[in-house]
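Engineer: one predicted model, sequence on top.
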Amino acid sequence: MNQRTTGLVVGLVTFVILTVGLLASTIYFHLEAQSALGSKKQADDARAAAQSASTKAESAYKQLAGFVVGDAEMTPGEDALANIKKALAAEDVANLKVEFDSLRADREQLKQDNQNLKDQVAKAESAADTARAEAEKSAAAANAASKRVDADLGTYRTSVQKYETDVKSTVDSISKLQDEIDQRRRTEVAELQEKINAESVSKATLQTRVGELEKTVDQYRIKPENAASLADGRIIDVGSQNGEVFLSIGSKQRVQPGMTFDVYDSPASIQFNPSSGELIPGKARVQVLKVDENTSTARVIPESRRTGARTRPVVKDDVIANVIFSPDYRYKFLVHGLFDVDNDGTATAAEAEFVRGRISSWGGEVVTGDRLRGDLDFVVMGVRPTEPLDLPANADEGQYTAHFDLKRAYETYNALFNDAQAARVPVLNWNRMQVLTNEGR
């Protein structure tokens, strides 16, 4: 082989080798390029997918932000949750679902409460409808009643007119009756004046009988010439203790438990006070405790209950006396007027009856009437009536009657008192009567 052929072969072989290398490089680089293109495509696809996902995520965030806080322009980022919490003023909320559940429960409760309120409103409206219906019925009834009242008012007006006519007739009758009453009262006053004149004549007649009455009065026990006649009994014995004494008079002499007697040494020591006319107290006072037929048991009343100290003891044969009691004579008492026994400022007929009862319990005899009798021993008079004032010109019948009664009581009281004084009959009031019975000391 020649050198030229060898070189060609070498060159061809080199060419082939280079060509094969080039082809291999080309194939390699082509494959690499295809791989790079595939990677680039994958990267582009991934980038596009990421871009799409990012866009979707941003859109979803904006939709969520708009849904949650109402701000679709809120930019997403790492502090998106803080931004949303801040926008909702819910920084202390840990779990939005729990909060939503709580709010949802509250909303349901509010819906229930709202429904309850609606039900109540419905009931109230129903009640209001019922009330309106009732009001309409009441209004209709009121209208009907108003019409009836109008009709009744017509009848009433007619009755009022008739009543006014009757009242006028009655007033006329009363005026006529008033005139008749005035005339009758004037007639009664004239008759009373005639009676007063007659009483004056009677009084003059009584004056002519003074001498005779004085003789009778001299026999009365109140001021006898013989003081010994006032002695009602004597002490027949004195007990050994408790101030007990025994008296010579009992139930036969009308002695009753509770009666009191003054004790004197003798009948001669029974005297009257010349200035006051009252019986001078004895050396002691005894009160009857027990009554037998002819004797009585009494006790000496302690000195602390009497006025003035008494030092002389009660002994056997001392005499006892009570000025309005007599063992063998019933004094006669004329009780007149109203009495104020309890000193309450009001004199009553009931208290006058009490006085009469006290006199009877002491063995006295109560006589009736408002005129002085010749056989009286005492006149017991109540509170003096007040002289009535003159009647007004327009006095009615009741005032006339009351005035007449007061005037009659006043004149009767004074006439009886003056007649008793003129006839020297002892006149007692309730206080003086208590003194005379030893109860007022």
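Structural biologist: Here it is on my side, so go on.
Engineer: residue contacts, Val291?
Structural biologist: Gly250, Ser251, Val255, Gln256, Pro257, Thr297 (Cβ atoms under 8 Å, 6 or more residues apart in numbering). Yep, even glycine has a C-beta here, placed from its N, CA and C like the rest.
Engineer: can we see that at 10 Å?
Structural biologist: Applying Cβ atoms under 10 Å, 6 or more residues apart in numbering to Val291 gives the contacts 247, 249-259, 297-298.
Engineer: show the pLDDT at it.
Structural biologist: For Val291, the pLDDT comes out at 94.
Engineer: now do it against Ile249, distance only.
Structural biologist: Separation of Val291 from Ile249 (Cβ to Cβ, to the nearest Å): 9 Å.
Engineer: shared neighbours of the two, anything?
Structural biologist: Joint contacts of Val291 and Ile249 (Cβ under 10 Å, 6+ apart) are Val255, Met259.
Engineer: in contact with Asp318, which residues?
Structural biologist: Contacts of Asp318 (Cβ under 10 Å, 6+ apart): 231, 234-236, 238, 245, 263-266, 269, 282-284, 286, 312.
Engineer: filter those residues down to the buried ones.
Structural biologist: Among the contacts of Asp318, those classed as buried by 16 or more other Cβ atoms under 10 Å are Ala231, Arg234, Ile235, Ile236, Val245, Val263, Tyr264, Ser269, Gly282, Lys283, Ala284, Val286.
Engineer: dump the contacts of Val291 to CSV, plus secondary structure, neighbour count and pLDDT.
Structural biologist: Compiled in CSV, these are given as follows (DSSP: H, G, I helix; E, B strand; the rest coil; neighbours: other Cβ atoms under 10 Å; pLDDT from 0 to 100):
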residue, secondary structure, neighbour count, pLDDT
Leu247, strand, 26, 95
Ile249, coil, 24, 93
Gly250, coil, 19, 93
Ser251, helix, 13, 89
Lys252, helix, 13, 89
Gln253, helix, 20, 88
Arg254, coil, 19, 86
Val255, coil, 25, 89
Gln256, coil, 13, 87
Pro257, coil, 13, 89
Gly258, coil, 12, 84
Met259, coil, 25, 86
Thr297, strand, 18, 95
Ala298, strand, 27, 94
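Engineer: and the two most separated of those?
Structural biologist: Greatest spacing in the contacts of Val291, by Cβ to Cβ: Lys252 and Gly258 (17.7 Å).
Engineer: what's next to stretch 114-121, contact-wise?
Structural biologist: With Cβ under 10 Å, 6+ apart as the criterion, stretch 114-121 contacts Ala128.
Engineer: gap between that stretch and the chain center?
Structural biologist: The chain centre lies 49 Å from the centre of stretch 114-121; the measure is Cα atoms, centre = their mean, to the nearest Å.
Engineer: quick check: mean pLDDT of it?
Structural biologist: Stretch 114-121 shows a mean pLDDT of 87.
Engineer: redo the contacts of Val291 as a markdown table? Include distance to Asn343.
Structural biologist: Formatted as a markdown table, the contacts of Val291 follow (distance: Cβ to Cβ, whole Å):
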| residue | distance to Asn343 |
| --- | --- |
| Leu247 | 32 |
| Ile249 | 33 |
| Gly250 | 34 |
| Ser251 | 33 |
| Lys252 | 37 |
| Gln253 | 33 |
| Arg254 | 29 |
| Val255 | 29 |
| Gln256 | 25 |
| Pro257 | 26 |
| Gly258 | 21 |
| Met259 | 23 |
| Thr297 | 33 |
| Ala298 | 29 |
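Engineer: what's the burial count for Arg104?
Structural biologist: Using other Cβ atoms under 10 Å, Arg104 has 11 other residues around it.
Engineer: contact partners for it?
Structural biologist: Contacts of Arg104 (Cβ under 10 Å, 6+ apart): Lys97.
Engineer: just the ones of the contacts of Asp318 in strands?
Structural biologist: Ala231, Arg234, Ile235, Ile236, Val238, Val245, Val263, Tyr264, Ala284, Val286 (DSSP state E).
Engineer: determine which two of those are furthest apart.
Structural biologist: Using Cβ to Cβ, the two most remote members of the ones in strands among the contacts of Asp318 are Ala231 and Val238, lying 17.7 Å apart.
Engineer: what domains does the record give for the chain?
Structural biologist: With domains defined by automatic domain parsing, the chain comprises 3-64, 226-326.
Engineer: highest mean neighbour count out of those domains?
Structural biologist: domain 226-326 (a mean of 17; mean count of other Cβ atoms under 10 Å).
Engineer: helix or strand: which one has the residue nearest in space to the middle of the chain?
Structural biologist: Geometric centre of the chain, nearest residue: Asp344, 26.1 Å, by Cα atoms, centre = their mean. Following DSSP states H and E, there is no helix or strand that holds Asp344.
Engineer: my read: it touches Glu351, true?
Structural biologist: Yes: using Cβ atoms under 10 Å, Asp344 is in contact with Glu351, at 9.5 Å.
Engineer: and which of the contacts of Asp318 is nearest Ser39?
Structural biologist: Looking across those and measuring by Cβ to Cβ, the closest to Ser39 is Val286, at 159.1 Å.
Engineer: surely that closest one meets Ile320?
Structural biologist: Yes: in this structure, Val286 is within contact of Ile320 by Cβ under 10 Å, at 6.8 Å.
Engineer: hey, what's in contact with both of those two?
Structural biologist: Joint contacts of Val286 and Ile320 (Cβ under 10 Å, 6+ apart) are Ile235, Val245, Leu247, Met259, Thr260, Phe261, Asp262, Val263, Ser296, Ala298, Val314.
Engineer: look up the closest residue to Glu397, ignoring the ones flanking it.
Structural biologist: Ile181 (5.4 Å; Cβ to Cβ, 6 or more residues apart in numbering).
Engineer: doesn't that neighbour fall inside a helix?
Structural biologist: Yes: under DSSP: H, G, I helix; E, B strand; the rest coil, Ile181 falls within a helix.
Engineer: what's the weakest-modelled helix or strand in the protein?
Structural biologist: Taking mean pLDDT, DSSP states H and E as the measure, the helix or strand of the chain with the lowest value is helix 210-217, at a mean of 47.
Engineer: quick one: the residue lying closest to Gln253 once chain neighbours are set aside from Val255, how far?
Structural biologist: Leaving aside its chain neighbours, Gln253 sits nearest to Pro327 (3.4 Å; criterion: Cβ to Cβ, 6+ apart). Remark: distance between Pro327 and Val255 (Cβ to Cβ) = 7 Å.
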